[in-house]
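> let me see the structure of the following:
(one chain, ligands or ions: 1)
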Amino acid sequence: MILQNDLLLRTARGELTERVPVWMMRQAGRVLAQYRAVRERAGSFITLAKTPELAAEVTIQPVDAFEVDAAIIFSDILVVPEAMGLPYEMIEARGPVFPQTVRSSADLSRLHVADAETDLGYVLDAIRLTKRELNGRVPLIGFAGAPFTIFCYMTEGKGSKTFSVAKKLLYTDPHFAHTLLRQITDSTIAYLKAQIRAGADLIQLFDSWAGILSPEQYRTFSLPYIKQICDAITEVPVTVFAKGAFFARHEIGQLDCQVVGLDWNMDPAESRTLVPNKVLQGNLDPCVLYADFAQIRTEVKQMLDAFGHQHYIANLGHGIYPDTDPDKARCFVDAVKELSAQR
Ligand code: CP3
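Purely as a prediction, here's the structure:
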């Protein structure tokens, strides 16, 4: 299948391009009324994610609504722990919850390394169906959580501001922590390779809780596992997005990945210096989309001026918030396209 719009892929591979590609983290979701309607029909988030026809439909919605340069498969990072034997629930207005957690080596007997084809076949079916329905319009991004972020949810059992249960284990039982991180890493590599075989054109790793670790802990408990994944994925470009890990930018830049994702706390010029040889992605504060249209354009212009128009993928610095006006999201995408087009 030849892609009609391969701008994101050419940029991710390090090529010079005619304008800056743009997409938004969490672009498929509650921002869109079309999404809320399908979600209603499905009954629950998990049913939606496990029904390939519906997952494909909501994956493509933002491509139609915002004309972004990529689709990202509708799923969740928490499908991996479930595939390893630890099911989750998505509680309305509260977020994900794991009824059981793993907190000691004894708990590990309940887990297995996920088999992508059998345990996560529904995601692979959704990818294959989405690719068919996209019919080459834009590339499809596959993704997974970084092992440390998945470790956080599996041990803590729910979202948390501090993840102090998860972090405590790094100090009290590092042997257990590394064993679990290894199992998550092996599951994730198999899962990502299966996503690529199913048709994913690029892979993004979300280390959403990277920012709660000290630089030294990050070097011990997160980076080595991200490195294993980057070394294993040789088929397509890989983006590493480590939210809050401003302190690790240089080391992340040394990994065998093609793109480094940034949040809005990370200065573009400083990031270019710390990560000189990679494509950068980010990093508009999602709250900018609460501003008026003129101010959104001004902020986009500043961002483009700061990053430059090459070796750069425009995005938000984290997922779009559900109460964002979709017209403001569209304004962000349009502004990137207009202001970065080479004349
Ligand atoms: O559009 C896309 O980006 C693709 C879909 C996607 C979802 N989750 C759908 C989703 C992606 C890439 C994710 C990743 C994800 N999930 C991350 C990493 C990115 C990040 O935000 O840091 C994390 C930490 C999760 C775990 C998760 N899933 C949480 C904490 C929540 C609840 C928070 C909330 O917004 O309610 C989810 C639920 C979730 N995942 C929703 C969506 C659209 C909302 C649930 C719903 O529609 O009912």
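> the most centrally placed residue in the chain: what secondary structure?
By Cα atoms, centre = their mean, the mean C-alpha position of the chain lies nearest to F206, the distance being 4.4 Å. What DSSP: H, G, I helix; E, B strand; the rest coil gives for F206 is strand.
> and it, what is it in contact with?
I77, F143, A144, G145, A146, T149, F241, K243 (Cβ atoms under 8 Å, 6 or more residues apart in numbering). (C-beta placed from N, C-alpha, C; glycine too.)
> now swap in K328 and tell me
L289, Y290, A291, F293, I296.
> repeat the analysis, applying 7 Å as the threshold.
L289, I296 (Cβ atoms under 7 Å, 6 or more residues apart in numbering).
> could you measure from it over to the ligand?
To the ligand, K328 is 16 Å away according to Cβ to the nearest ligand atom, to the nearest Å.
> cool, and Q258?
Counting by Cβ to the nearest ligand atom - Q258 and the ligand are separated by 18 Å.
> doesn't E235 make contact with that residue?
No. At 11.9 Å, Q258 and E235 do not qualify as touching, with contact defined as Cβ atoms under 7 Å.
> more neighbours: which of those two?
Q258 (20 against 13; other Cβ atoms under 10 Å).
> contacts only, for the more buried one.
Counted by Cβ under 7 Å, 6+ apart, Q258 has contacts A12, R13, G14, P237, V238, K278, V279.
> isn't V80 up against V113?
No. Contact criterion Cβ under 7 Å: V80 and V113 do not qualify, at 10.5 Å.
> shared neighbours of these two, anything?
The contact sets of V80 and V113 overlap at S187 (Cβ under 7 Å, 6+ apart).
> that older thread, what about the contacts of F206, which are in strands?
Judged by DSSP state E, those include F143, A144, G145, F241 as members of strands.
> can you put the residues you listed in TSV and add pLDDT?
Below are the ones in strands among the contacts of F206 laid out as TSV (pLDDT from 0 to 100):
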residue	pLDDT
F143	98
A144	98
G145	98
F241	98
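> show me the beta-bridge partners of the residue nearest to the centre of the chain.
Judged by DSSP bridges, the bridge partners of F206 are G145, F241.
> the strands in the chain, which residues?
Under DSSP E, the chain gives strands at 71-72, 89-91, 95-97, 140-145, 202-207, 238-242, 259-261, 279-284, 312-316.
> going by neighbour count, list what's buried in the second one.
Buried residues in strand 89-91, defined by neighbour count with 16 or more other Cβ atoms under 10 Å: M90.
> tell me the residues of the stretch 1-150 of the chain that contact the ligand?
25-30, 39, 45, 72, 74, 76-78, 90, 95-96, 143 (Cβ under 6 Å from any ligand atom).
> any of the residues you listed buried? List them.
Using 16+ other Cβ under 10 Å as the burial test, those include 25-29, 39, 45, 72, 74, 76-78, 90, 96, 143 as buried.
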